[in-house]
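K.L.:
what's the 3D shape of this:
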Amino acid sequence: MATQAQQVQTARRNIELLLAEDVTALGKQGDIVRVKPGYARNYLLPQGLATVATDHNKRMVEKHRAKQAEVVQQKVQALKQMADALSKYSVTLEANATEDGHLYGSIGASEISKFLKAASFPVEQDNVRLEGPLKELGLYTVKIHFTPEVETEVKVWVVPTAHA
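P.N.:
Below you'll find the model as predicted:
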């Protein structure tokens, strides 16, 4: 077991670096880590994975994090506005069906996503949350999930194809 004096001595020998990239088992980009001089000198610095953690570099990282947080906040705000508009919108999809209302095929997330994109709502297929494909005519409430804090619902009408 190392004594406290040995631990302090080891800590003094470690170098403080600022990670420029994500490094497995060490940290994420922007983290400040303490590593052994050989690891820093022989791997992290030559590979461009880290840089020396000067006060200037630390300030720059903090400014960058603040800007990124602001960008994320703006994205969330835009998603909330789109979710609000989507909640007031309804989708009407035509499908071939039997006399008693069963669809010959089914309607899935891809069809709903395509229709919403055509209506200028940038909703990807993986944003559409269905419990299963829609196999009957009727009105469905479909969840649209953008982020954990931004979700909404859209009404989906499945109607029979008009025959001419």
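
K.L.:
Thr141 is in contact with Lys155, isn't it?
P.N.:
Yes. Using Cβ atoms under 8 Å, Thr141 is in contact with Lys155, at 6.2 Å. C-betas here are computed from N, CA, C, even on glycine.

K.L.:
next one: the residue nearest the centre of the chain from Lys80, what distance?
P.N.:
Nearest to the mean C-alpha position of the chain, by Cα atoms, centre = their mean, lies Thr147 at 6.6 Å. To Lys80, Thr147 is 10 Å away according to Cβ to Cβ, to the nearest Å.

K.L.:
next up, the contacts around Gln68.
P.N.:
For Gln68, no contacting residues are found, by Cβ atoms under 8 Å, 6 or more residues apart in numbering.

K.L.:
how far away is it from Glu149?
P.N.:
In terms of Cβ to Cβ, Gln68 sits 17 Å off from Glu149.

K.L.:
equivalent analysis for Asp31, please.
P.N.:
Shown here: Asp31 relative to Glu149, a distance of 25 Å by Cβ to Cβ.

K.L.:
which one's more surrounded, these two?
P.N.:
Under the neighbour definition other Cβ atoms under 10 Å, Asp31 and Glu149 were set side by side, and Asp31 has more, 15 against 8.

K.L.:
check which residues of the helix or strand harbouring Gly38 are buried.
P.N.:
Using DSSP states H and E, Gly38 sits within helix 37-39. For helix 37-39, a neighbour-count test (16 or more other Cβ atoms under 10 Å) marks Tyr39 as buried.

K.L.:
next one: it to chain centre, how far?
P.N.:
Per Cα atoms, centre = their mean, to the nearest Å, the displacement of helix 37-39 from the mean C-alpha position of its chain is 35 Å.

K.L.:
ditto for stretch 22-32
P.N.:
On Cα atoms, centre = their mean, the centre of stretch 22-32 falls 20 Å from the chain's centre.
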